[in-house]
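**Q** mind folding the following:
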Amino acid sequence: MRLLAISGSLRSASTNTALLRALAEAAPQTVTLYENMADFPLFSPDFEADTPAPVLAFAAAIASVDGLIIACPEYIHALPGAFKNALDWLVSRPELIHKPIALLHASHRGEDVLADLRRVLATVSDRFAPDIFARFPLGKLTPPEVAAHMAQPTNRAALLAFLARFTDFIAEADRPG
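**A** Prediction:
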């Protein structure tokens, strides 16, 4: 099973990106991290007929996997603009419609962004799994500190348990009849 981990942050020292990187390190055969949203132009329906190459690459990356794992920070009680822009580019495309999606979160706070994510992702995918969720209070840790924290046996086990629940969800939904 192949999964794509997408961070909602463009920040180089993002704890959400570091959390997803730790997940990819724990399950390198399964999880790939996507980090190229910085090159997306602002979305406008007027540009959909000639979709920019970075957006097409993002859509192709999503189409090529069995599911998505998203970790996203909260900016001013909402989704970060760059991440919302990336989702906007995909709204009228087919890649997200039946794609299984689960959330990870790198903070003990952020209820507003989690509510936004749940609302938006349930709108764009009929296989969003809101109950498959894991939260790690990583606060203001640096990426190396996040890596060390997530490498601890209990945290690594929690990440792998999250991953197992999500892959089981995908496999169960893909079974015939």
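
**Q** tell me how many other residues crowd Gln152.
**A** Per other Cβ atoms under 10 Å, the neighbour tally for Gln152 reads 10. Using the backbone N, CA and C atoms, a C-beta is placed for each residue, glycine as well.

**Q** what does the one 5 residues further on give?
**A** Residues near Ala157, counting by other Cβ under 10 Å, number 11.

**Q** and it, that's in a strand?
**A** No: Ala157 is assigned helix when assessed by DSSP: H, G, I helix; E, B strand; the rest coil, not a strand.

**Q** need the contact partners of the helix or strand harbouring Ile170.
**A** Under the criterion of DSSP states H and E, Ile170 resides in helix 153-174. Applying Cβ atoms under 8 Å, 6 or more residues apart in numbering, the contact partners of helix 153-174 are 1, 3, 22-23, 26-27, 30-31, 66-67, 69, 100, 102, 104, 127, 129, 132-134, 136, 149-150.

**Q** in that helix, what's buried?
**A** For helix 153-174, burial by neighbour count (16 or more other Cβ atoms under 10 Å) applies to 155-156, 159, 162-163, 165-167, 169-170.

**Q** looking at the contacts of helix 153-174, which are in strands?
**A** Under the assignment DSSP state E, the contacts of helix 153-174 contribute 3, 31, 67, 69, 102, 104, 129, 132-134 to strands.

**Q** show me what contacts the residue most central in space within the chain?
**A** Of all residues in the chain, the one closest to the mean position by Cα atoms, centre = their mean is Ile70, 1.5 Å from it. Ile70 makes contact with 5-8, 101-104, 117, 121, according to Cβ under 8 Å, 6+ apart.
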